[in-house]
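J.: Sequence and predicted structure below; questions after.
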Amino acid sequence: MARKAITSKKATSVGPYSHGIDSEGLVFLSGQTPIDSNTGKIAEGDIAAQTQQSFNNLFGVLQAAGLEPDDVQKVNVYLTDMNDFSIMNEIYQKQFSQPYPARTTIGVASLPLGAKIEIEMIARRK
């Protein structure tokens with residue numbers, strides 16, 4: 001089956017990839033850094049602001065796919081500073097209802113454009 005690309009005006013690509021791919025009931029969302037699609041720049045502010053902007057971008061892609069946060073099954077979070085973990089968790093918790101999606105959080109050396117966070121998701125169609 002061919003890949004079906006999902007594109008959102010609320011997300012920005014900084015390379016040759018799709019915002020999301022729909023594949024046999026699963027929707028794979030590419031990692032989103034906190035790029036403000038209006039300015040094309042990383043959102044100003046601390047890790048809380050960058051986490052929220054990353055979710056705003058991802059939820060725009062979900063919406064373009066006809067999905068919502070409750071359809072998310074798995075989340076991967078990449079942080080350049082694991083000291084930001086608890087603040088990221090505070091923002092993360094407000095994005096989903098229980099039971100929360102499965103999640104992995106990984107500390108990384110750096111991210112594109114100097115972002116402090118990148119988040120990717122996998123969702124399932126009902």
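T.: Nice, I can see it. Residues are numbered from 1 along each chain as shown.

J.: Point out where this structure drops to low pLDDT.
T.: Counting by pLDDT under 70, the low-confidence segments of the chain come to 1.

J.: what are the ranges of the strands in it?
T.: 4-6, 20-23, 26-32, 35-36, 41-42, 72-79, 102-107, 117-124 (DSSP state E).

J.: Dump those to JSON lines, plus mean neighbour count.
T.: For every residue, glycine as well, the C-beta is placed using N, CA and C. As requested, the strands of the chain are exported to JSON lines (neighbours: other Cβ atoms under 10 Å):
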{"stretch": "strand 4-6", "mean neighbour count": "15"}
{"stretch": "strand 20-23", "mean neighbour count": "19"}
{"stretch": "strand 26-32", "mean neighbour count": "21"}
{"stretch": "strand 35-36", "mean neighbour count": "18"}
{"stretch": "strand 41-42", "mean neighbour count": "15"}
{"stretch": "strand 72-79", "mean neighbour count": "19"}
{"stretch": "strand 102-107", "mean neighbour count": "13"}
{"stretch": "strand 117-124", "mean neighbour count": "21"}
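
J.: Next, format these as JSON lines and append distance to Ser54.
T.: Converted to JSON lines, the strands of the chain look like this (distance: least, Cβ to Cβ, whole Å):
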{"stretch": "strand 4-6", "distance to Ser54": "17"}
{"stretch": "strand 20-23", "distance to Ser54": "14"}
{"stretch": "strand 26-32", "distance to Ser54": "5"}
{"stretch": "strand 35-36", "distance to Ser54": "9"}
{"stretch": "strand 41-42", "distance to Ser54": "10"}
{"stretch": "strand 72-79", "distance to Ser54": "9"}
{"stretch": "strand 102-107", "distance to Ser54": "13"}
{"stretch": "strand 117-124", "distance to Ser54": "5"}
